[in-house]
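Novice: below is the sequence, then the predicted model.
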Amino acid sequence: DTEVTQTPKHLVMGMTNKKSLKCEQHMGHRAMYWYKQKAKKPPELMFVYSYEKLSINESVPSRFSPECPNSSLLNLHLHALQPEDSALYLCASSYDPGAEQYFGPGTRLTVT
Amino acid sequence: QQPVQSPQAVILREGEDAVINCSSSKALYSVHWYRQKHGEAPVFLMILLKGGEQKGHDKISASFNEKKQQSSLYLTASQLSYSGTYFCGTEEGNYQLIWGAGTKLIIKP
């Protein structure tokens, strides 16, 4: 299984809502990542989990809260988002930190 | 510091060759190359590690000049399926990938 899955595919939420994005991989990868991507821009690293521990947090606002319940799962909890947070949110995994990354299809988030 | 990619965009006819460059002002441990098609997620192409190696598969290859902190991606006899945006990602030994701005490649029949 060489797939990273993400749910939901699309999400529309108001600024007062609380929602979560989910990412799953069954490749035995030890590192997992959250990226934010705006149109025509490269992916922007948000969080890195290595061996289920948060190792890199790129000064992301606290309205984004990551969680890694186990080595296969990664969640991103969203609360009180702003319209400028609308973007494609990508999850990726790699066997080790620094190794090639495999991406999920992403969640297209719209904040109204 | 974000690596610099060039060109920003290139238009080719099917069968032509292309070179995409990626350079950094920092000492690099590795360079990654990814391709992203419109509406899809990035797909890993290859990784080059410190040591100046060259890699390739099919008609896509890449080189890494460690001394110059530069990498180049070579697309030979381009196919329609090669269209997309190519990103390089550089890693300075801290496992954090810094992505270039991307090079948009359009292949016309």
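Specialist: Nice, thanks for sending it over.
Novice: pLDDT weak spots in chain B?
Specialist: B:52-56 (pLDDT under 70).
Novice: so which residues on it come close to chain A?
Specialist: By Cβ under 8 Å from any Cβ of the partner chain, the residues of chain B that approach chain A are B:29-30, B:32, B:34, B:40-44, B:46-47, B:87, B:91, B:95-97, B:99-102. From N, CA and C alone the C-beta is placed, and that goes for glycine too.
Novice: filter the residues you listed to the buried ones?
Specialist: B:30, B:32, B:34, B:41-42, B:44, B:46-47, B:87, B:91, B:95-97, B:99-102 (16 or more other Cβ atoms under 10 Å in any protein chain shown).
Novice: strands along chain B, start to end?
Specialist: B:4-6, B:9-13, B:18-23, B:30-36, B:43-49, B:54-57, B:60-65, B:70-75, B:84-91, B:97-99, B:103-108 (DSSP state E).
Novice: actually chain A, not the one I typed
Specialist: In chain A, the strands defined using DSSP E lie at A:4-7, A:10-13, A:18-25, A:31-37, A:44-50, A:53-57, A:64-70, A:73-79, A:87-94, A:102-103, A:107-111.
Novice: A:A31: how many residues sit nearby?
Specialist: 22 (other Cβ atoms under 10 Å in any protein chain shown).
Novice: who are the contact partners of it?
Specialist: Shown in contact with A:A31 (Cβ atoms under 8 Å, 6 or more residues apart in numbering or on different chains): A:V48, A:Y49, A:S50, A:Y51, A:S93, A:S94, A:Y95, A:D96, A:P97, A:G98, A:A99, B:Y95.
Novice: got the strands of chain B as a markdown table, with distance to A:I56 columns?
Specialist: A markdown table is the format used below for the strands of chain B (distance: least, Cβ to Cβ, whole Å):
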| stretch | distance to A:I56 |
| --- | --- |
| strand B:4-6 | 23 |
| strand B:9-13 | 31 |
| strand B:18-23 | 22 |
| strand B:30-36 | 16 |
| strand B:43-49 | 19 |
| strand B:54-57 | 26 |
| strand B:60-65 | 23 |
| strand B:70-75 | 23 |
| strand B:84-91 | 12 |
| strand B:97-99 | 10 |
| strand B:103-108 | 26 |
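Novice: what's the burial count for the residue lying closest to B:R13 once chain neighbours are set aside?
Specialist: Nearest residue to B:R13, sequence neighbours excluded (Cβ to Cβ, 6 or more residues apart in numbering or on different chains): B:K108, at 5.6 Å. B:K108 has 11 neighbours, counted by other Cβ under 10 Å.
Novice: same check on A:L90?
Specialist: 25.
Novice: now it: how far from A:K18?
Specialist: Using Cβ to Cβ, to the nearest Å, one gets 21 Å for the distance from A:L90 to A:K18.
Novice: returning to what we had before: residue contacts, the residue nearest to B:R13?
Specialist: Contacts of B:K108 (Cβ under 8 Å, 6+ apart): B:I11, B:L12, B:R13, B:E14.
Novice: got a list of what the nearest residue to the first one once chain neighbours are set aside touches?
Specialist: Residue nearest to B:I11 in three dimensions, not counting chain neighbours: B:I106, with 4.6 Å by Cβ to Cβ, 6+ apart. Taking Cβ under 8 Å, 6+ apart, we find B:I106 in contact with B:A9, B:V10, B:I11, B:L12, B:S83.
Novice: equivalent analysis for A:K19, please.
Specialist: A:L11, A:M13, A:H77, A:L78.
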